[in-house]
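After the sequence you'll find the predicted model.
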Amino acid sequence: MRGIAALLVVLFHLTLSAPEAHYGFELGVTGVDLFFIISGFVILMTVQKAKHWTDFVVSRISRIYPTYWACVTFTAILLLLTQHSPWLWFIWKYGINMTMFQVYLHVPDIDGPYWTMIIEMLFYIFMLGLLVTKKLNRVEAICTGLLLPVFYYGRYLGTMHPKAQQLLGTYLPLINHFPLFFAGILFYKIRFEGPRLWRYGLLALCFAVQLILFRVGGRSAGVLSFTQYVGMLACYFTLFLLYVHNLLGFIVNKVTLFLGAISYSLYLIHQYLCLNILLPFAMGKLHMNLLCASFFFALPIVLGLAYGIHIWIEKPAMESIRAWYKSRKLKLSAG
């Protein structure tokens with residue numbers, strides 16, 4: 001599913017602002033919604049396996065930062081070669097982007113997809129807080145309690161205090177997608193702790209609250225109608241319902257497994273490279289139409305590049321960091 005989500009986002013960006021977007025590619029803007037549901041599922045699984053809070057921190061750092069640093073650096077080099085910016089500003093922008101927390105320093109993202117990374121980081125911090133305070137066993141109750149203020153934020157705050165809603169959405173962007181992460185948590189609980197009627201009720205509530213947030217946060221409202229968004233969100237919830245009931249095995253094949261493996265690097269690396277370099281070159285110099293340039297030129301190149309990052313950076317760095325951490329833990333326990 002992660003591979004499908006990444007491909008949806010890539011296809012959306014490849015046809016962005018073009019008539020071809022209306023062939024259905026515009027629906028790919030919701031791929032990030034699927035990513036967030038997957039994160040809720042996977043991060044609960046990860047944090048439950050952690051014996052100490054540092055296990056979770058190292059797991060997340062080793063998973064996301066080396067690949068992110070490589071992609072930020074790659075795109076920064078492209079920007080340096082294709083745009084003219086003051087050196088000091090460029091270095092500052094690059095350095096701050098390497099942290100993932102650029103929104104808090106009012107520094108723009110170097111590439112479009114990075115806006116979701118701070119949302120993921122805030123969710124990790126939230127789950128880390130539950131782990132440290134030993135409240136993980138109450139995650140469903142806590143998240144249910146948080147749905148009420150999220151509902152108020154989406155339904156009423158904009159009318160009563162629009163500036164407060166804007167500030168919350170900017171500096172606590174997790175609030176715009178929190179029901180999706182909670183849905184992933186509920187799917188995990190259904191899959192591994194058993195289906196309960198109240199869990200399905202909470203899933204329906206997550207679905208409803210996320211629809212209320214449609215015009216408040218995220219990017220879908222600028223591209224899709226409300227009806228289209230409802231349909232795509234229903235598809236994602238249905239996919240997960242099939243999965244938790246062992247009915248989704250038919251999507252597993254070499255292609256989806258490959259896309260899943262490279263999904264993170266593919267998501268991070270594709271936008272600026274495709275929209276500002278590959279597509280203009282293919283359409284201008286090679287005289288290809290947009291669809292041919294997208295599917296037969298830009299897409300193969302970014303798939304190959306993402307695979308290279310996965311093989312030569314993502315996997316080795318993750319294995320190296322985790323091996324170092326395991327060795328350090330053994331030395332400390334032995335000492």
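Perfect, I can see it now.

Where does residue 16 sit: helix, strand or coil?
coil (DSSP: H, G, I helix; E, B strand; the rest coil).

How much space separates the nearest residue to it once chain neighbours are set aside from residue 221?
Nearest residue to residue 16 in three dimensions, chain neighbours excluded: residue 275, at 6.8 Å (CB to CB, 6 or more residues apart in numbering). The way it works is simple: take the backbone N, C-alpha and C, and place the C-beta from them, glycine included. Plainly put, residue 275 is 21 Å away from residue 221 if you go by CB to CB, to the nearest Å.

Over to residue 25?
Taken as CB to CB, the span from residue 25 to residue 221 is 17 Å.

Report the buried residues of the longest helix along the chain.
Longest among the helix segments of the chain by residue count, using DSSP state H, is helix 53-82. For helix 53-82, a neighbour-count test (16 or more other CB atoms under 10 Å) marks 55-56, 58-60, 62-68, 70-72, 74-76, 78-79 as buried.

Ok, stretch 258-269 next?
Here stretch 258-269 shows 259-269 as buried, counting by 16+ other CB under 10 Å.

how about those, which pair is most distant?
Greatest spatial distance in the buried residues of stretch 258-269: 260 and 269, 15.9 Å, computed using CB to CB.

Report the residue spans of this protein with pLDDT below the cut-off.
Counting by pLDDT under 70, the chain contains low-confidence ranges at 20-21, 335.

and with 90 instead?
15-24, 82-89, 217-219, 330-335 (pLDDT under 90).

Walking through it, point out its strands one by one.
Counting by DSSP state E, the chain has no strands to list.

Centroid-nearest residue for it?
The centroid of the chain falls nearest to residue 35 when counting by CA atoms, centre = their mean (4.8 Å).

that older thread, which of residue 25 and residue 221 has more residues huddled nearby?
residue 25 (20 against 15; other CB atoms under 10 Å).

Skipping adjacent residues, who's closest to residue 27 in space?
Spatial nearest neighbour of residue 27, excluding adjacent residues (CB to CB, 6+ apart): residue 232 at 5.6 Å.

give me every residue that touches the one you found.
27, 30, 33, 224 (CB atoms under 8 Å, 6 or more residues apart in numbering).

okay, the residues you listed in a markdown table with neighbour count next?
Conversion of these to a markdown table gives the following (neighbours: other CB atoms under 10 Å):
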| residue | neighbour count |
| --- | --- |
| 27 | 20 |
| 30 | 25 |
| 33 | 25 |
| 224 | 18 |
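
Looking at those, which is nearest residue 247?
residue 33 (21.0 Å).

how far is the longest helix of the chain from where the chain is centred?
Here the centre of helix 53-82 is set off from its chain's centre by 14 Å, with CA atoms, centre = their mean, to the nearest Å.

just checking, residue 239 touches residue 245?
No - with contact defined as CB atoms under 8 Å, residue 239 does not reach residue 245; the gap is 11.3 Å.

So for the two, which residue has more residues nearby?
Neighbour count, other CB under 10 Å: between residue 239 and residue 245, residue 239 has more, with 18 against 11.

residue contacts, the more buried one?
By CB under 8 Å, 6+ apart, the neighbours of residue 239 are 1, 34, 248.

could you flag which of those are buried?
1, 34.

out of the contacts of residue 239, which are inside helices?
Those of the contacts of residue 239 lying in helices (DSSP H): residue 34.

nearest to residue 165, of the contacts of residue 239?
residue 34 (25.4 Å).

roughly how far apart are the closest one and residue 119?
Residue 34 sits at a distance of 14 Å from residue 119 (criterion: CB to CB).

That's all I had, so thanks and see you.
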